[in-house]
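# sequence below, structure please.
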Amino acid sequence: MDHPYSAQLEAVMTEVVHQKTTACTQTQTTMEDESIHVVHPENSIEDIQNSYEEIQFHTGLQYFETFRALYETLCEFGMDDMESDQRMKLRLVDQFLLAMMRQRLGLLVKDLAYRFKLSCPTVSSIFSRWIIFMKQCLSYTVFLPQLKDLQQRIPTCFKNFFDTRIILDCTEIFIQIPLSLEKKSQTFSNYKSHNTFKSLIVITMTAAVCLISKLWGGSTSDVHITRNFDLLEEIQPGDAVIADKRFIHIKTDLDMTGTKLYCPPFKTKSQFTKVEVENPSGIASARINVERKMEQIKKTSDYRKVLFH
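Numbering: from 1, shown residues only. As a prediction, this is how the structure comes out:
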């Protein structure tokens with residue numbers, strides 16, 4: 001006759017084996033899906049990671065390795081705040097993909113909600129959280145390079161302007177007409193004949209955006225925005241700045257810092273000098289980089305659509 005303890009021991013061992021098996025199954029599922037509660041979206045990084053064309057189309061990055069390196073860099077900053085919200089039932093890597101797709105393609109929230117099987121408020125929350133998080137983590141990568149560093153690879157169109165450190169330009173975003181008469185006046189742009197927000201964008205001769213000002217009303221002059229951006233404190237003697245005629249009045253400010261301004265000349269005499277005739281064409285060629293970069297920036301969703309004020 002078997003001892004009663006044998007039956008009890010067998011029962012305990014059976015329960016332990018069952019618990020271990022269950023735990024292993026759950027661990028495997030967790031490793032595969034990062035969470036047993038994770039949704040399975042129509043779009044995921046696995047769907048596009050093997051195609052350079054798809055990666056570039058959806059994220060703007062040339063290679064999946066670049067996408068992964070950027071994601072891992074963000075992970076190194078710590079994602080406690082990103083992981084703490086249990087409502088975000090989407091893997092972090094797919095949340096990052098969602099944010100990149102919205103920024104790159106300008107997809108509507110409802111479209112992304114369908115693609116990732118989420119509610120519209122959740123998509124909005126994910127996008128906002130990631131944009132803020134990326135700004136906090138990556139803002140150190142945006143800075144004004146030294147002239148000596150820029151001169152190590154001067155584009156051909158800048159051969160006559162080799163001392164150029166920055167190129168200035170302002171861009172405008174259409175907004176809905178404000179109800180307030182005061183705000184309507186402050187945001188109306190004579191240049192665009194529409195209510196806009198305006199921002200100063202600072203670009204290097206290698207076409208890298210290094211500084212962007214806060215948004216101003218469309219009626220604000222380019223010179224006023226420049227003077228209130230603390231940009232002149234960053235410029236050093238010997239540097240040169242390229243800008244169009246709208247910035248001509250900052251020349252006195254630049255002269256005080258020992259900085260040169262390359263700008264198309266105003267016709268103050270009956271005819272231009274030879275130098276004045278030749279320089280504008282060179283400046284125009286150099287500004288092509290700016291125009292291309294502006295066009296690239298305006299392809300993003302926030303610049304294509306009319307913003308709510």
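# shouldn't K198 be in contact with T226?
No: assessed by Cβ atoms under 8 Å, K198 is found out of contact with T226, at 11.4 Å. (Each C-beta comes from the backbone N, C-alpha and C, glycine too.)
# what pLDDT, on average, does stretch 119-130 get?
The average pLDDT within stretch 119-130 is 93.
# in it, which residues are buried?
Within stretch 119-130, the residues scored as buried using 16 or more other Cβ atoms under 10 Å are T122, V123, S125, I126, F127, R129, W130.
# just the residues you listed now: which is nearest F67?
For those, the minimum distance to F67 (Cβ to Cβ) is 13.6 Å, reached by W130.
# the strands in the chain, which residues?
164-174, 188-189, 194-203, 209-212, 216-217, 240-242, 260-262 (DSSP state E).
# what ranges does the stretch 151-300 of the chain have for its helices?
Along the stretch 151-300 of the chain, counting by DSSP state H, counting those that start in this stretch, helices occupy 181-187, 222-227, 251-256, 274-286, 288-298.
# surely L144 touches A208?
No: with contact taken as Cβ under 8 Å, L144 and A208 are classed as non-touching, separated by 10.0 Å.
# shared neighbours, these two?
Jointly contacting L144 and A208 under the rule Cβ atoms under 8 Å, 6 or more residues apart in numbering is no residue at all.
# among the buried residues of stretch 119-130, name the ones in helices.
T122, V123, S125, I126, F127, R129, W130 (DSSP state H).
# now those residues as JSON lines including distance to F161?
Compiled in JSON lines, these are given as follows (distance: Cβ to Cβ, whole Å):
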{"residue": "T122", "distance to F161": "49"}
{"residue": "V123", "distance to F161": "45"}
{"residue": "S125", "distance to F161": "46"}
{"residue": "I126", "distance to F161": "44"}
{"residue": "F127", "distance to F161": "40"}
{"residue": "R129", "distance to F161": "42"}
{"residue": "W130", "distance to F161": "38"}
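# need the max-distance pair from these.
T122 and W130 (12.4 Å).
# about what we covered before: relative to K293, which of the strands of the chain is closest?
strand 194-203 (5.5 Å).
# centre of the chain to the closest one, how far?
Mean C-alpha position of strand 194-203 versus that of the full chain (Cα atoms, centre = their mean, to the nearest Å) differs by 16 Å.
# between that strand and strand 164-174, how many degrees?
On the basis of axes from the mean of the first three to the mean of the last three Cα atoms, to 10 degrees, strand 194-203 is oriented at 160 degrees to strand 164-174.
# please identify the pairing partners of strand 194-203 and their relative orientation?
Strand 194-203 sits in its sheet next to strand 164-174 (antiparallel), strand 188-189 (antiparallel), strand 209-212 (antiparallel), strand 216-217 (antiparallel), going by DSSP bridges.
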